[in-house]
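Chemist: this one's structure only:
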């Protein structure tokens with residue numbers, strides 16, 4: 001009888017302590033895709049997807065690869081993003097890029113002013129603000 005009481009107690013203890021841990025990813029990648037639905041009221045299968053950019057990150061640094069719209073396998077532009085600053089990487093020889101040299105040589109652009117690929121904004125989402133207040 002004691003075993004039947006101990007197992008659910010241990011399970012509850014395990015679940016309650018493990019659910020509140022924040023998991024941070026040190027490095028990884030994200031593909032940003034936009035789906036456009038044509039004639040949504042009649043057919044949800046009439047869709048076209050656009051690959052906007054690939055973001056590869058490590059710590060607070062991001063390399064963003066923006067594919068060509070017509071040929072996604074071809075890279076149109078590459079950006080190096082550090083904190084909230086954006087630097088352009090030329091496509092000439094991407095295998096021999098030294099990021100610290102790019103930071104020293106280029107005048108950075110704010111990620112909010114970047115026009116292509118994934119767009120960043122400081123604007124608050126009203127729906128998220130409502131959710132946070134209700135919690």
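Modeler: Cool, the structure landed. Everything numeric in this text was worked out from a predicted model, so none of it was measured. Numbers count the residues shown, from 1 in each chain.
Chemist: Wasn't residue 102 part of a helix?
Modeler: Yes - Residue 102 sits within a helix when classified using DSSP: H, G, I helix; E, B strand; the rest coil.
Chemist: hang on, it packs against residue 89?
Modeler: Yes - contact criterion CB atoms under 8 Å: residue 102 and residue 89 qualify, at 6.5 Å. The C-beta positions use only the backbone N, C-alpha and C, and glycine is treated the same way.
Chemist: Now list whatever residues contact both of those two.
Modeler: residue 80 (CB atoms under 8 Å, 6 or more residues apart in numbering).
Chemist: Phi first, then psi, for residue 27.
Modeler: phi -150, psi 160 (degrees, to the nearest 10).
Chemist: Now it: closest residue in space that isn't a chain neighbour?
Modeler: residue 58 (4.0 Å; CB to CB, 6 or more residues apart in numbering).
Chemist: With residue 74 instead?
Modeler: residue 68 (4.4 Å).
Chemist: list the contacts for the one you found?
Modeler: So residue 68 contacts 74, 75, 76 (CB under 8 Å, 6+ apart).
Chemist: Buried among the residues you listed? Need that as a selection in PyMOL.
Modeler: PyMOL command restricting the contacts of residue 68 to the buried ones, with burial defined by 16 or more other CB atoms under 10 Å:
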select buried, resi 76
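Chemist: Now do the residue nearest to residue 74 against residue 79, distance only.
Modeler: 15 Å (CB to CB, to the nearest Å).
Chemist: helix or strand for the most centrally placed residue in the chain, which one?
Modeler: Nearest residue to the geometric centre of the chain (CA atoms, centre = their mean): residue 30, 5.0 Å. Per DSSP states H and E: residue 30 is located in strand 27-37.
Chemist: Measure how far that strand is from the centre of its chain, please.
Modeler: Distance, stretch centre to chain centre, for strand 27-37: 8 Å (CA atoms, centre = their mean, to the nearest Å).
Chemist: what does that strand rub up against?
Modeler: Outside strand 27-37, the residues that reach it (CB under 8 Å, 6+ apart) are 44, 46-59, 117-118.
Chemist: Quick one: buried ones out of those residues?
Modeler: Looks like the contacts of strand 27-37 have 52, 53, 54, 55, 57, 117, 118 buried, using 16+ other CB under 10 Å.
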